[in-house]
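Undergrad: need coordinates for the below:
(2 chains)
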Amino acid sequence: MTRVSVARFVAVMVKEFIQMRRDRLTFAMMVGVPILQLVLFGFAINADPKRLPTAVLVADPGPFARTLVAALDNSGYFDITRAVAGEAELDRLLAEGSVQFAVTVPAGFGRDLQRGTRPVLLVEADATDPAATSNALAALAVIARQALDPDLTGPLAPLRSTPDPVELRVHRRYNPEGITQYNVVPGLMGVVLSMTMVMMTALAVTRERERGTMENLLAMPVRPFEVMLGKIVPFVCVGYLQVVLILGAAKLLFDVPLLGSLTLLSLVLVLFIAANLAVGFTFSTLAKNQLQAMQMSFFYFLPSILLSGFMFPFRGMPGWAQAVGEILPLTHFLRIVRGILLKGNGAAEIAGEVAALALFLAVVTAIALKRYRQTLD
Amino acid sequence: MTPTPAVPPAIDVRGLVKRFGTRTVVNDVSIRVGQGQIYGFLGPNGSGKTTTIRLLCGLLTPDAGEGTCLGLDIRTQSAAIKRQVGYMTQKFSFWEDLSIAENLDFVARMYGVPDRRRKVAAALERLGLGNRRAQLAGELSGGWKQRLALAACILHEPKLLLLDEPTAGVDPKARREFWEEIHRLAGEGLTVLVSTHYMDEAERCHEIAYIAYGTLMVHGPVDRVVAESGLRTRLVEGGDPRRIAADLEGKPGVEMVAVFGSRLHVSGTDAAALDAALKPWMGGPWMDGQAVRVVETEPTLEDVFIHLMNRSTDNFS
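TA: From the prediction side, this is the model:
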């Protein structure tokens, strides 16, 4: 067997760079995808929706009802868009979907309150999408309890909310304001890299087979490792370009805190990018043509985006889904990148996740090299 | 140009077998090619020519058989063989999105050609492509692609050239120039194995081999192949060739009737039976006012090959 040759690796790499430069559309896609995703995920998506349209039916127009409605409005979660006269209309508005919430202040609300018989404040929510309503509903409990306190004076004072036996103190650390972008934008880095790196490598190798140039390549005295490395390195560069784009946007557009060491992040990135490229390379050894390679990439991309904790909370998934998620490199990378950027994690805190990435890379590279055939058999 | 006995053959393989699933594509093929020889490889489409060539250059591993290429074992030393072999694939297999110069440069790097830049420049000059070096390979016409492929294949100065139907779809002038180049290279000591469908190209080879359905039917110098076929051919001129052909078809002793314009080639292995079948036409009976003349002629290589093709059994069906 011939020794590993740097010259041949460089030859493959130079060729890939030239081909990449000629393929304008692909190159545009590699830069365009992160920008598009940044705009969509960064500006369009919000996991904590506020100012949700709300209709109120006030059957008892007393001062208490007014205070409650004002409190709802002030909480920021509710936007009182309609005041209706009857229950039928309230139902219709909810059914149409033109309001998210319907609040009913029943007749005799003020009277019952003063008597201390705990009147009912009915809040109906269109809970088809739990994510859209859950935060607003959580805020309700506090509103119902404390909003009326200023009005409960004199003989009504005993009705005021009493302090809990325990003083609850919550620190929302790392993202105190719960800004979605802080979570999403660093995660996007992993998503964009997963998507483009896997697909580009899978296509780059499959293309050789589809165009018949693979036969030529195989007839040359080149080792699989040299081909693999030569094909991968140009995409590592592209990957870094995407990272710079996203980090720049994170800082300048979304003001995401970059607490940890960027050097540490870029070191981990090598591992993560390589892991994705190895997946793409493996796909290319399985796919017969570029279409199949594309389909496999999507097949890989879907669980990556859904089970990694990028879109939905990882801990909210059942055990089997978490197990699948643990296999995916994106899961570990998300923990690392969020850890470094938002929590200021150092090498010690992320060591476990890095080890998982390294293991994944080793296994997939072994499969890729085993699958890559030096013959046409 | 004959090989001196002292020089070991460039290709010496015995009993090569290659199966894809249950299909035997190459069945017990043995080839021996002396150094500096041009060896023509003929046979119908799907006969196993390409597979045999791929076995020789290590792109496929044989299921049975053994032998050497340039003195190196084809089973265990394929990496070393690859470095000394130039293989031109049937379909253009250089990178269409690289320019001519970039393709040559890539190949030179892959083979570790010393003094790379000068060699690439020289190859471009020899091709007459010096001023089109920046043109993308994909934009070249068929003839130019073929010239580029050949130039790339010989850039690393291989000792053995494997050409798989190199002139398919190339015009006659380019084909002639191509063969002149092949002969020049062979003159310098390069061994060439070339597969082709063209009879005129076969006649330019030192030796030929005919393969059908994976089996090597005959091999040897062209005249010996023709002589050993045992085929007798009669040339029939005049009259209505199509009517005569229809009349002769299926008669005992007549194995093949081929129309060449106004002439007929009628062939068979049994001379007596062949002449008996032609008897009604011999001696010049008048047909539509035209004389029919039957003369003995040498079978052409094409007659021989069609004869071989008809005789061989299709083991795929």
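Undergrad: tell me the domain ranges of the chain?
TA: If you meant another chain, say so; for now it's chain A. Here the domain parsing of chain A from automatic domain parsing is A:6-45+A:179-371, A:52-159.
Undergrad: not quite, go with chain B.
TA: Listed by automatic domain parsing, the domain ranges of chain B are B:11-224, B:232-298.
Undergrad: which of those comes out lowest on mean pLDDT?
TA: Lowest mean pLDDT within those: domain B:232-298, at a mean of 81.
Undergrad: please enumerate the helices of chain A.
TA: Along chain A, counting by DSSP state H, helices occupy A:6-22, A:24-37, A:63-74, A:87-96, A:109-115, A:130-146, A:180-210, A:213-219, A:224-252, A:262-286, A:290-307, A:319-327, A:329-343, A:347-371.
Undergrad: and of the domains of chain B, who's closest to chain A?
TA: Chain A lies closest to domain B:11-224 among those, at 3.4 Å (Cβ to the nearest Cβ). Yep, even glycine has a C-beta here, placed from its N, CA and C like the rest.
Undergrad: write out the residues of the stretch 151-300 of chain A neighbouring chain B.
TA: Neighbours of chain B within the stretch 151-300 of chain A, by Cβ under 8 Å from any Cβ of the partner chain: A:211-213, A:215-216, A:218-222.
Undergrad: state the number of residues packed around the closest residue to chain B within the stretch 101-250 of chain A.
TA: Going by Cβ to the nearest Cβ, chain B is nearest to A:N216 of the stretch 101-250 of chain A, at 3.9 Å. Residues lying near A:N216 (other Cβ atoms under 10 Å in any protein chain shown) number 25.
Undergrad: wait, doesn't it sit right on B:M88?
TA: No. Assessed by Cβ atoms under 8 Å, A:N216 is found out of contact with B:M88, at 9.1 Å.
Undergrad: least confident secondary structure element in chain A?
TA: helix A:130-146 (a mean of 83; mean pLDDT, DSSP states H and E).
Undergrad: what residues sit buried inside that one?
TA: Within helix A:130-146, the residues that count as buried by 16 or more other Cβ atoms under 10 Å in any protein chain shown are A:132-133, A:135-136, A:139-140, A:143.
Undergrad: just want the angle from it to helix A:63-74.
TA: 140 degrees (axes from the mean of the first three to the mean of the last three Cα atoms, to 10 degrees).
Undergrad: and the contacts of helix A:130-146?
TA: The contact list for helix A:130-146 (Cβ atoms under 8 Å, 6 or more residues apart in numbering or on different chains) reads A:47-50, A:52, A:68, A:71-72, A:75, A:77-78, A:100-101, A:121, A:123, A:125-127, A:161.
Undergrad: which strands or helices does the biggest helix by length in chain B pack on?
TA: Secondary structure of chain B per DSSP H: the longest helix is helix B:172-187. In terms of contacts (3 or more Cβ pairs under 8 Å, 6 or more residues apart in numbering or on different chains; DSSP states H and E), helix B:172-187 is packed against strand B:38-42, helix B:142-153, strand B:160-164, strand B:191-196.
Undergrad: would CSV of these with mean neighbour count and distance to A:P313 be doable?
TA: As requested, the helices and strands packed on helix B:172-187 are arranged in CSV below (neighbours: other Cβ atoms under 10 Å in any protein chain shown; distance: least, Cβ to Cβ, whole Å):
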stretch, mean neighbour count, distance to A:P313
strand B:38-42, 26, 66
helix B:142-153, 21, 56
strand B:160-164, 24, 58
strand B:191-196, 25, 63
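Undergrad: got TSV for these, with distance to chain A too?
TA: Compiled in TSV, the helices and strands packed on helix B:172-187 are given as follows (distance: least, Cβ to the nearest Cβ, whole Å):
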stretch	distance to chain A
strand B:38-42	17
helix B:142-153	9
strand B:160-164	9
strand B:191-196	14
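Undergrad: and the contacts of helix A:130-146, which are buried?
TA: For the contacts of helix A:130-146, a burial check counting by 16+ other Cβ under 10 Å picks out A:47, A:49, A:52, A:68, A:71-72, A:77-78, A:100-101, A:121, A:123, A:125-126.
Undergrad: check those one by one and keep those near chain B.
TA: Near chain B, by the rule Cβ under 8 Å from any Cβ, you find none of the buried ones among the contacts of helix A:130-146.
Undergrad: for those, which one is nearest B:D200?
TA: A:A47 (75.7 Å; Cβ to Cβ).
Undergrad: quick check: the closest one vs A:L302, distance?
TA: A:A47 sits at a distance of 20 Å from A:L302 (criterion: Cβ to Cβ, to the nearest Å).
Undergrad: picking that back up, B:T269: which of the helices and strands packed on helix B:172-187 is closest?
TA: When those are ranked by proximity to B:T269 (Cβ to Cβ), strand B:38-42 comes first, at 19.9 Å.
Undergrad: give me the angle between the helix or strand following the closest one and strand B:191-196.
TA: Counting by DSSP states H and E, the next helix or strand C-terminal to strand B:38-42 is helix B:49-56. Between helix B:49-56 and strand B:191-196, the angle comes out at 160 degrees (the same axes, to 10 degrees).
Undergrad: same for helix B:49-56, what does it pack against?
TA: Under the contact rule (3+ Cβ pairs under 8 Å, 6+ apart), helix B:49-56 is packed against strand B:11-20, strand B:23-33, strand B:38-42, strand B:160-164, strand B:191-196.
Undergrad: contacts only, for B:F20.
TA: Residues near B:F20 by Cβ under 8 Å, 6+ apart: none.
Undergrad: please name the nearest non-neighbouring residue to A:T213.
TA: With sequence-adjacent residues excluded and distances taken as Cβ to Cβ, 6 or more residues apart in numbering or on different chains, A:T213 is closest to B:S93, at 5.1 Å.
Undergrad: run a quick neighbour tally on the closest residue to A:S284 other than its chain neighbours.
TA: In this structure, A:S284 finds its nearest non-sequential neighbour in A:V205, 3.4 Å apart by Cβ to Cβ, 6+ apart. A count of nearby residues for A:V205, using other Cβ under 10 Å, gives 26.
Undergrad: go on, the one 3 residues further on?
TA: Here the neighbour count serves as a burial measure; for A:E208 (other Cβ under 10 Å) it reads 20.
Undergrad: doesn't B:I208 belong to a strand?
TA: Yes. Assessed with DSSP: H, G, I helix; E, B strand; the rest coil, B:I208 lies in a strand.
Undergrad: burial count for it?
TA: Neighbourhood size, B:I208 [other Cβ under 10 Å]: 26.
Undergrad: isn't it right up against B:G43?
TA: No. Here B:I208 does not reach B:G43: they are 10.2 Å apart, not a contact under Cβ under 8 Å.
Undergrad: now do the contacts for the residue in the stretch 1-150 of chain A that chain B sits nearest to.
TA: Nearest to chain B in the stretch 1-150 of chain A, going by Cβ to the nearest Cβ, is A:A11, at a distance of 3.4 Å. Applying Cβ under 8 Å, 6+ apart, we find A:A11 in contact with A:230, B:106, B:109-110.
Undergrad: tell me the spacing between it and A:T213.
TA: Distance, A:A11 to A:T213, by Cβ to Cβ: 14 Å.
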